[in-house]
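# just a sequence and a predicted model for now, questions to come.
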Amino acid sequence: MPAYRGVLHVHSTLSDGVLTPEQVRDLAVSEGLDFVVLCEHAKFLPPGRFDEAVVECARLSNETFLLILGLEFEYQGRHVLLLGPPELLREADAETVGGRPEELRARGGLTIWAHPACTYRWTLRRGLAADYDGWEVWNSGFDGPLPSLPMLDLLRKRRRSGRRMLAFAGADFHERIHALTPITHADIDSLALAALIDGLREGRCRASGGTSGSLVLMPDGDLSTLSTRERLYAWVRYCLIRGRCAGAWTKWVVVSRRGRSRGAGNPPAR
Ligand SMILES: [Zn+2]
Ligand SMILES: [Zn+2]
């Protein structure tokens, strides 16, 4: 079965990215990739605009390159990616994606908890309990060139206790200074949306990247050996992310107390 190479979790001008979908496609093709999964913030794509975006992605796809439209939802301070057929995405809402992912799975959807390391403590426990198909334990935007080792440990513990969520990797690409990495290799028999979703759901995939480019993350959470320096780097990076989260949370509490009369929204979580 051929392995197609692509990147998950990319933003374009369809939401808050800087590159147009066409520029994303051209960049990905120039890097030898076969597919890109856009995960645009859902609030930027109300139904009419969503339909136009689906048409645009189809226009930019051909037999050798697939541009897929996925969505990223905010729910109770955590972010969740949804991949699936356009008709499912068009109707999906944050509450179902974030709180009842099993309903979407039954209809062909795939949910991935995005950058779980950057989740506020108050909602982290709920995220751990939710039935997502996978966790983005490696988000190069937040975690950098190495996966989040604490989230990977949590995922492995949960898998040992009988849960079956998979380890995924995403770029959280917003502009050219970000990289289209980590690469997701999908063992699928055709370059098509349904085949890719099935391949990801069934764990016929792996991610690669890292400082040397040769680091491999398997869907069951298995990771190639890291050097002591890499492990130290990953832990420091995790502490910085948690610190940033705590800072943003504190700021949100202060601002929301001040503006309670005006009604405060969800705490920030990129
Ligand atoms: Zn994102
Ligand atoms: Zn996000």
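Everything's here; your move. As the structure is a computational prediction, the values presented were derived from the model and not from experiment. Numbering: from 1, shown residues only. Ligands and ions are numbered 1, 2, ... in the order given.
# after the helix or strand in which Phe142 is found comes which helix or strand?
In the assignment (DSSP states H and E), Phe142 maps to helix 140-143. Where DSSP H and E defines the elements, the next helix or strand beyond helix 140-143 is helix 149-160.
# so which elements touch that following helix?
Contact analysis of helix 149-160 by 3 or more CB pairs under 8 Å, 6 or more residues apart in numbering; DSSP states H and E lists strand 134-139, helix 228-258 as its packing neighbours. (Glycine included, C-beta is placed from N, CA and C.)
# burial check on whichever residue of the stretch 151-270 of the chain sits closest to ligand 1, number of neighbours?
Distances between the stretch 151-270 of the chain and ligand 1 by CB to the ion are smallest at Asp172, namely 4.7 Å. Asp172 has 23 neighbouring residues, counting by other CB atoms under 10 Å.
# ligand 2 contacts on the chain?
Contact residues, the chain versus ligand 2 (CB under 5 Å from the ion): 79, 114.
# quick one, helices of this structure?
21-30, 47-59, 86-91, 94-99, 101-105, 121-129, 140-143, 149-160, 193-201, 228-258 (DSSP state H).
# any idea which of those helices gets closest to Tyr4?
Within these, the stretch nearest Tyr4 is helix 193-201; the backing value is 7.6 Å (CB to CB).
# check which helices and strands that closest one sits against.
strand 66-75, strand 110-114, strand 166-170, strand 183-187.
# what helices and strands are in contact with the first one?
By that I understand strand 66-75. helix 21-30, strand 35-41, helix 47-59, strand 78-83, helix 86-91, helix 94-99, helix 193-201.
# at 7 Å what do you get?
strand 35-41, helix 47-59, strand 78-83, helix 94-99 (3 or more CB pairs under 7 Å, 6 or more residues apart in numbering; DSSP states H and E).
# could you dump these into JSON lines with mean neighbour count added?
Compiled in JSON lines, the helices and strands packed on strand 66-75 are given as follows (neighbours: other CB atoms under 10 Å):
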{"stretch": "strand 35-41", "mean neighbour count": "25"}
{"stretch": "helix 47-59", "mean neighbour count": "15"}
{"stretch": "strand 78-83", "mean neighbour count": "26"}
{"stretch": "helix 94-99", "mean neighbour count": "19"}
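# tell me what the residue in the stretch 1-150 of the chain positioned nearest to ligand 1 is bridged to.
Of all residues in the stretch 1-150 of the chain, the one sitting closest to ligand 1 is Glu72 (4.8 Å; CB to the ion). On the basis of DSSP bridges, Glu72 is bridged to His41, Leu81.
# residues contacting it?
Residues counted as contacts of Glu72 (CB atoms under 7 Å, 6 or more residues apart in numbering) are 39-42, 79, 81, 114.
# 10 Å instead?
9, 11, 15, 38-44, 79-82, 97, 112, 114-115, 170, 172, 270 (CB atoms under 10 Å, 6 or more residues apart in numbering).
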